[in-house]
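A.B. asks: Next comes the sequence, and after it the predicted model I'd like to discuss.
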Amino acid sequence: MIRYGLGDSSVVLSLTVRDGCAVLGTTLKNFLVLPGWIFPLASGKVDGADRFYKQGLGFSGPSAFMEIPGPEELRWDSRSVSRDVWSYDSYLVTGFMSRAGRTLVVSARDSRRYVQRSCVYNRMQRFGLTDRKVSLYDVFFEAGFGTERTRPGRGDVVLPDFYFSAGDRADEVFRRTAREIAEANGVDSVKPPRYHFCSWYEYEKNYDIPKLDDLLDGLKGIKPAIPLQTIQIDDYCVYGDWLLPNERWPGTIKEAFGKIRRNGYAAGIWIGPFMVSSRSAVFREHPDWLLRNPEGGLIVEWKKPEEDIHVLDTSHPAAFEWLRGVFRTLREWGASYFKTDFMDWGLKDSTTVTRHRPGKTSAQYFDEVLKMIREEIGSESFWLGCIAPYQSMIGYADAVRITNDILPE
């Protein structure tokens, strides 16, 4: 164990071996206010690796295996900054590989309370009258958690452990790490592949009842029938008015679900849980349900010519229960496939926003919503997370989209 004394407080690191992995544990003792971020592993010099793997926060992130570069010949130019100095953030899983195949993967298995973030970066020094000669070029690694200045009160705060897994083959080490993360987060089964029609990629916001009727009639004429299981309606209303009728769906979306199910398909729906349009009834009737900036003004996450899109503050009990009711109703109306979009809006660092009820990390507020959604849609429903923080969705969503929109051209 290593103990760092900080007056009345302390940081205790423990080094153990568990399940064939080296494990780094961290306990924060007697902190009245936690730091914004804490990095139990910092300034770790990387030796012997030629490549590293970074995992993006969401989408593909980007996620990539990357060569560790060496210093470039400097052509000194006072008008630009050298590209020799670099850093790459990574989330949940980071790996280092040698040319011979030796691999070390560093991962966290718990993302419910704190966002995990690592960074691979270099440090270099040049000397000479023109800064042309390199005297130092080292690569470093740090790994930590966003504790977001929360106030735990007296007592211990135990951060999630870091696991260090090594082997001679990168594919084996990464697969083993993925299985261990899945097991730790309750991913006990994988649903079989499913085939879905999504209205967005042909019609975007212009899908309606007549177009749905045309699709259902057209599918009947395809012989042999295609193995389509779900018809999912996308972007169907003013954001926030998820249950209200509109000109495209005058009988509410419930009517569409009925048509889809009567034709033998599962009904799917798109919803942005944290999205609230300035044109919506929620905005007009409940402005106190919206997330605000540190100065108290409404956050505009997406500014469009015809509307501003704000962020639902799920720390507000009434807003949270309203959102619960939305998912419960959509499920009762017949939806069994849910595409939740713009999920990253719900993971706002608590140090950068004003919440109705402060005191928790962004990961904790976000996890409460994810848990609620799964409870309301049931384990039998298929859940696709889009624009989603990947690490937080593990154990809740059945799939996470890892690309941008696919366009026909």
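C.D. replies: Here it is on my side, so go on.
A.B. asks: May I have the phi/psi pair for T340?
C.D. replies: phi -100, psi 130 (degrees, to the nearest 10).
A.B. asks: Quick check: bridge partners of it?
C.D. replies: According to DSSP bridges, the residues that bridge with T340 are I271, G385.
A.B. asks: Count residues in the vicinity of it, would you?
C.D. replies: 26 (other CB atoms under 10 Å). Heads up, the C-betas are built off the backbone N, CA and C, glycines and all.
A.B. asks: show me what contacts it?
C.D. replies: By CB atoms under 8 Å, 6 or more residues apart in numbering, T340 lies in contact with I271, G272, P273, I373, W383, L384, G385, C386, A388, A397.
A.B. asks: Nearest to F127 among those?
C.D. replies: Using CB to CB, A388 comes nearest to F127 of those, at 46.4 Å.
A.B. asks: ok, for the closest one, nearest residue in space, not its chain neighbours?
C.D. replies: Spatially, and ignoring its direct neighbours in sequence, A388 is nearest to M343 (3.9 Å; CB to CB, 6 or more residues apart in numbering).
A.B. asks: The one you found touches P273, doesn't it?
C.D. replies: Yes. If you go by CB atoms under 8 Å, M343 and P273 touch, sitting 7.3 Å apart.
A.B. asks: three-state assignment of Q364?
C.D. replies: Put simply, Q364 is helix when judged by DSSP: H, G, I helix; E, B strand; the rest coil.
A.B. asks: The nearest residue to it once chain neighbours are set aside: how many residues sit nearby?
C.D. replies: Excluding the flanking residues, the one nearest Q364 by CB to CB, 6+ apart is R113, at 5.6 Å. If you count neighbours by other CB under 10 Å, R113 ends up with 18.
A.B. asks: same question, L312
C.D. replies: Neighbourhood size, L312 [other CB under 10 Å]: 25.
A.B. asks: Tell me if I am right that the residue nearest to Q364 is in a helix.
C.D. replies: No. When three-state DSSP is applied, R113 is found to be coil, with no helix at that position.
A.B. asks: Distance check, it against R292.
C.D. replies: 23 Å (CB to CB, to the nearest Å).
A.B. asks: from memory D398 sits against G378, does it?
C.D. replies: No. Using CB under 8 Å, D398 is not in contact with G378; the gap is 11.9 Å.
A.B. asks: higher neighbour count, those two?
C.D. replies: Between D398 and G378, D398 has the larger neighbour count (other CB under 10 Å), namely 19 against 10.
A.B. asks: Now do the helices in the stretch 251-400 of the chain.
C.D. replies: For the stretch 251-400 of the chain, the helices defined by DSSP state H, counting those that start in this stretch cover 252-262, 281-285, 317-333, 362-377, 390-393.
A.B. asks: Next, I402: secondary structure please.
C.D. replies: I402 - assigned by three-state DSSP - is coil.
A.B. asks: list the contacts for it?
C.D. replies: F59, S60, G61, S63, Y390.
A.B. asks: Give the full set of residues in contact with the second one.
C.D. replies: It stands for S60. S60 is in contact with I402, T403, counting by CB under 8 Å, 6+ apart.
A.B. asks: For it, which three-state class applies?
C.D. replies: coil.
A.B. asks: Distance-wise, check it relative to S14.
C.D. replies: For S60, the distance to S14 equals 34 Å [CB to CB].
A.B. asks: Could I get the average pLDDT for stretch 182-198?
C.D. replies: Mean pLDDT, stretch 182-198: 87.
A.B. asks: Not counting its own residues, what contacts that stretch?
C.D. replies: 109-111, 215, 226-232, 234, 268, 270, 337, 339, 382, 394-395, 398.
A.B. asks: May I see the buried residues of it?
C.D. replies: A184, N185, V187, R194, H196, F197, C198 (16 or more other CB atoms under 10 Å).
A.B. asks: just those now: which is nearest S278?
C.D. replies: Nearest to S278 out of those is C198 (CB to CB; 26.5 Å).
A.B. asks: Is the closest one bridged to anything, and to what?
C.D. replies: Beta-bridge pairing for C198 (DSSP bridges): Q232.
A.B. asks: ok, and the closest non-adjacent residue to T354?
C.D. replies: In space, and not counting its chain neighbours, T354 is closest to R292: 4.3 Å by CB to CB, 6+ apart.
A.B. asks: Distance of the one you found relative to S189?
C.D. replies: Distance, R292 to S189, using CB to CB: 40 Å.
A.B. asks: neighbours of D214, just the number please.
C.D. replies: Look at D214: counted by other CB under 10 Å, it has 10 neighbours.
A.B. asks: Specify the local secondary structure of it.
C.D. replies: Secondary structure state of D214, per three-state DSSP, is helix.
A.B. asks: how about V326, what does it touch?
C.D. replies: W242, L243, I271, P273.
A.B. asks: among these, which ones are buried?
C.D. replies: Taking 16+ other CB under 10 Å as the criterion, what is buried in the contacts of V326 is W242, I271, P273.
A.B. asks: Would you format the residues you listed as TSV with distance to R102 and pLDDT included?
C.D. replies: Formatted as TSV, those follow (distance: CB to CB, whole Å; pLDDT from 0 to 100):
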residue	distance to R102	pLDDT
W242	51	98
I271	45	98
P273	43	98
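A.B. asks: Fine, thanks again, bye for now.
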